[in-house]
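**Q** A predicted structure for the sequence below; I have some questions about it.
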Amino acid sequence: MVVALKPSLAPRPLLSPDRADRSIRSDCERCSARTISVCGAVDDPDLQRLGALAEVIKLEPGAVLIREGEPAPHVFNITGGSLRVYKLLPDGRRQITGFLFAGDFLGLAIGETYVFSAEAMEVSTVCRFRKGPFRALVAGSPPLEHMLLHRTSHELAAAQNQMLLLGRKTAIERMASFLLDLPGHDPSRPTAPGHVRLPMKRGEIADYLGLTIETVSRVLTRMKVKGLISIPSQNELIVERPERLRQHASGEV
């Protein structure tokens, strides 16, 4: 279930209009994800209008943000934490199609119903917008419209890369590509060079890469034995030989 639905960015009835505008603007300006999200494309007064439309949702680990097949009245801006996006196959298997982090936008290509599910992997925060008012704001804000078009193009490119990952690469090539690519998807929480945060479980990595959990464990062990990586904890990995790992990702070895 969705946790903490209270819209902390909604206008405060006890404030004067001027003070309410300043409060909304202050909340948005303090948001650590603003510079890496669609919100960074707008200035006042559009930022005030965007903030006034937002409902801030806090999700506990495992909480469902959207569920496949349900009506889709909202779009979402991820402002903290991480989410897994997935589809269920007819036989009950799960295919994770992506991992979302602060700065990602969810719902751009969705029709009348959600075509996938999204759940929090850790404590996460999301700004939720109703589609109608959000689309009206986008129509009157060329910078925001341009940013959303850029994000849509990026999503299409990511989908093409995922098809290549699943369709042509071996298990070790998939894992190497995943480990090299993952840090760039979470810019709000930079790590030391070579360090990779893993908020997802091994089974979720397997569902994303189209592998079994046994294969994921076997490949990681093989990489560790070869000195490509070290694994200080379940949620952290260190790339010890990045050039060699890139060779594996590209199929050169």
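**A** That came through, no problem. Bear in mind the structure is a predicted one, so any value in this text is a computation, not a measurement.

**Q** going by C-alpha atoms from here, please, whenever you check contacts or count neighbours.
**A** Will do.

**Q** helices or strands up against the helix or strand containing Ala159?
**A** Using DSSP states H and E, Ala159 sits within helix 142-168. When contacts are defined as 3 or more CA pairs under 8 Å, 6 or more residues apart in numbering; DSSP states H and E, helix 142-168 packs onto helix 131-139.

**Q** just want the angle from the helix it packs on to helix 142-168.
**A** 110 degrees (axes from the mean of the first three to the mean of the last three CA atoms, to 10 degrees).

**Q** now the helix holding Ala159: mean pLDDT?
**A** Mean pLDDT, computed over helix 142-168, is 80.

**Q** what residues sit buried inside that helix?
**A** If you call a residue buried by 16 or more other CA atoms under 10 Å, then helix 142-168 has these buried ones: 143-145, 147-148, 151, 162, 165.

**Q** give me the mean pLDDT for the next helix or strand after that helix.
**A** Note on helix 142-168: by DSSP H and E, the next helix or strand toward the C-terminus is helix 171-181. Mean pLDDT, computed over helix 171-181, is 94.

**Q** Leu245 - how many residues pack around it?
**A** The tally of other residues near Leu245 (other CA atoms under 10 Å) stands at 24.

**Q** oh, I was asking about Gly103
**A** Gly103 has 24 nearby residues by other CA under 10 Å.

**Q** coming back round to it: distance to Phe101 for the buried residues of helix 142-168 - can I get that in CSV?
**A** CSV is the format used below for the buried residues of helix 142-168 (distance: CA to CA, whole Å):
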residue, distance to Phe101
Pro143, 22
Leu144, 20
Glu145, 21
Met147, 17
Leu148, 16
Arg151, 14
Gln162, 17
Leu165, 20
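
**Q** where along the protein do the strands fall?
**A** 55-59, 64-66, 74-80, 82-88, 94-101, 105-106, 117-120, 124-130, 195-197, 229-233, 236-239 (DSSP state E).

**Q** ok now the shortest one, how far from the chain's centre?
**A** The chain centre lies 7 Å from the centre of strand 105-106; the measure is CA atoms, centre = their mean, to the nearest Å.

**Q** give the partner strands of it in its sheet and their orientations.
**A** Applying DSSP bridges, strand 105-106 is found paired with strand 74-80 (antiparallel).

**Q** same check, this time on the last one
**A** Applying DSSP bridges, strand 236-239 is found paired with strand 195-197 (antiparallel), strand 229-233 (antiparallel).

**Q** on that earlier part again, the helix holding Ala159 to helix 171-181, inter-axis angle?
**A** 160 degrees.

**Q** now do helix 142-168 against strand 94-101, angle only.
**A** 140 degrees.

**Q** may I see the buried residues of stretch 103-115?
**A** Under 16+ other CA under 10 Å, the buried positions of stretch 103-115 are 103-107, 114-115.

**Q** re the thing from before, out of the strands paired with strand 236-239, which is the most enclosed?
**A** Neighbour counts (mean count of other CA atoms under 10 Å) averaged over each of the strands paired with strand 236-239 peak at strand 195-197, with a mean of 19.

**Q** give me the contact list for it.
**A** 179, 182-183, 191, 235-239 (CA atoms under 8 Å, 6 or more residues apart in numbering).
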